[in-house]
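# sequence and predicted structure below; questions after.
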Amino acid sequence: TIGAGGAGGGGNGGTWNGSTSAISSATAGTTNTGGGGGAGQNGGKGVAIFAYDSGSFSGTGGIKSAREDGYVVHTFNNSGTLAIAGAGEKTIIPSQHFNVLSITAPGSSGTSTQVTGLSFRPDLVWMLPRNQAYYIRVSDSVRGVDKALYLDRPDDENNVSSNDVYSVLSFNSNGFNYRDHSQASVTFVVPCWKAGGTAVTNEDGTIESSVSANTTAGFSIVAWTGNGSSGATIGHGLGVTPNFAFAKSRNSATNWPAVNFDLQTGGQLNTSQVFSNGNYTAYYAAQPSSTVLTLGSNGATNGNTNTYVAYVFSEVEGYSKFGQYTGNGDNFGAFIYTGFKVQFLLIKRTTTESWILADTKRNSLTGRESPADAYLLANTNALESTGIEYDMLSNGFKFRTTSQNENGATYIYLAFAESPFKNSRGR
């Protein structure tokens, strides 16, 4: 609590007049003294300035203003109170953990090219080309720099070349550097996630794993070596039961298992494979816990001596949502509530259709963020297309055509926030 200023101290005492005339005029038996000092000035009023997450703190008194990153700047000029919110009341600021960048590569072959614009050091970066049919590079800080996997292919790590173009060369405090290609003006959409930085050894499972975990945002990167034994477990570091995971063998040409743990259904990220319980149980022998994933014996997650990486997600209120919806075949669309303004969507019909990737950074409808219609296919290197009209709303999303909204069809989705519902401008 900031209080008012205190009272001023007394003034300095007067100066003794030591001149000859003063002494000669002094009356015997009396004391000659200087005049007293004037009253001191009152102390200045207390001033304190705080920047804080409005979901974690609340302030009364003073002057408040909002910052672009979602924080509140609160100036107390005299008195006021800044209180810490109760347990469970914290609201995550999405831009500190996830963001989507839109970039254009300059076409300087082999050059380390810097990308900025993030408010965090990324640990997972997807480079999705929009106007050229290049592979989709995936880089993460646990496997290390210059070690690309390919979202749209089963290839092992760095299969294209040891000096692969568009591979991340460094993870920086506000972005990353990548190796450029000779092709000029290649445009990319680049989703970036923050995990926990440098990986630590995790011994929660029967197989030791290396884990970089961001428990605030419900995301971890897990690396391990398989043993081929169904029922083997690996620690994931989240401290809560995860909802979704992608995995990939690093040293063998296997597909990308993609599973929703809540729905006990799975498919493949790099193909249009049907989502089913049978696929799910091939990859994972049991439901996950708050500490471990239980692997099957399938070579896509647990081949003996094969090395793997997994990207594991748990839902965080106001930040991420993983689930399914049923289309209604109406141009007005089925509304899917997420509790936040959606920035990024990854959607897969449970039958044999491609993965659709949509976000608020790309939009062919000039001047309108919602509805939008630009999309990519995450399981192919097809060029960006338009025509699937969708609304990114303050508290969810909906499709404005029958695409991704066919009557009675079931769709799996992953959604990440631009801002929590309470901080969103209504649409």
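That came in fine, so what should we check first?
# gap between Val240 and Leu118?
To Leu118, Val240 is 25 Å away according to C-beta to C-beta, to the nearest Å. Heads up, the C-betas are built off the backbone N, CA and C, glycines and all.
# higher neighbour count, those two?
Neighbour count, other C-beta atoms under 10 Å: between Val240 and Leu118, Leu118 has more, with 21 against 15.
# how about low-confidence regions in the stretch 51-200 of the chain?
51-62, 64-90, 160-162 (pLDDT under 70).
# what about the strands in it?
Remark: strands assigned in the stretch 51-200 of the chain by DSSP state E, counting those that start in this stretch are 57-60, 63-66, 71-76, 81-84, 98-105, 112-115, 124-129, 137-140, 149-150, 168-172, 175-179, 186-193, 200-202.
# to Asp391, which of the ones you listed lies closest?
Ranking the strands of the stretch 51-200 of the chain by proximity to Asp391 (C-beta to C-beta) places strand 98-105 first, at 17.2 Å.
# contacts for the closest one, please.
113, 115, 117-120, 166, 175, 180-181, 183-194, 217, 319, 343-344, 359-362, 416-417 (C-beta atoms under 8 Å, 6 or more residues apart in numbering).
# that strand: which residues count as buried?
Judged by neighbour count (16 or more other C-beta atoms under 10 Å), strand 98-105 contains these buried residues: Phe98, Asn99, Val100, Leu101, Ile103, Ala105.
# hmm, which two among those are most spread apart?
Every pair of the buried residues of strand 98-105 checked by C-beta to C-beta; the farthest is Phe98 and Ala105, at 22.2 Å.
# can you give me the separation between Gln150 and Asn306?
One correction, residue 150 is Tyr, not Gln. From Tyr150 to Asn306 the distance is 17 Å (C-beta to C-beta).
# then Asn174?
35 Å.
# who's more crowded, the two?
Neighbours were counted for Asn174 and for Asn306 using other C-beta under 10 Å; Asn306 has more, 20 against 13.
# number of residues surrounding the residue nearest to the more buried one when sequence neighbours are not counted?
In space, and not counting its chain neighbours, Asn306 is closest to Gly226: 4.7 Å by C-beta to C-beta, 6 or more residues apart in numbering. Using other C-beta under 10 Å, Gly226 has 23 neighbouring residues.
# show me the contacts for Gly226.
Contacts of Gly226 (C-beta under 8 Å, 6+ apart): Ile207, Ala232, Leu295, Thr301, Asn302, Gly303, Asn304, Thr305, Asn306, Thr307, Tyr308.
# kindly indicate which of these lies nearest Lys398.
Nearest to Lys398 among these, with distances taken as C-beta to C-beta, is Thr301, at 34.2 Å.
# number of residues surrounding that closest one?
27.
# ok, it touching Thr294?
No - contact between Thr301 and Thr294 fails when scored by C-beta atoms under 8 Å: they sit 10.1 Å apart.
# if we can go back for a sec, adding distance to Ser272, write the buried residues of strand 98-105 out as JSON lines.
Shown next, in JSON lines, are the buried residues of strand 98-105 (distance: C-beta to C-beta, whole Å):
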{"residue": "Phe98", "distance to Ser272": "26"}
{"residue": "Asn99", "distance to Ser272": "28"}
{"residue": "Val100", "distance to Ser272": "24"}
{"residue": "Leu101", "distance to Ser272": "27"}
{"residue": "Ile103", "distance to Ser272": "28"}
{"residue": "Ala105", "distance to Ser272": "28"}
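# which of the residues you listed lies closest to Asp373?
Val100 (16.3 Å).
# any idea how far the closest one lies from Ala310?
22 Å.
# do the same with Asn174
26 Å.
# before we move on, what about Gly323?
20 Å.
# more neighbours, these two?
Neighbour comparison, Gly323 and Ala310: the larger count goes to Ala310, with 25 against 18 (by other C-beta under 10 Å).
# show me the beta-bridge partners of the more buried one.
Ala310 forms beta bridges with Val222, Ala247, as assigned by DSSP bridges.
# what pLDDT does the model give it?
Here the pLDDT value assigned to Ala310 is 98.
# that one against Val222, yeah?
Yes - here Ala310 reaches Val222: they are 4.6 Å apart, a contact under C-beta under 8 Å.
# much appreciated, bye for now.
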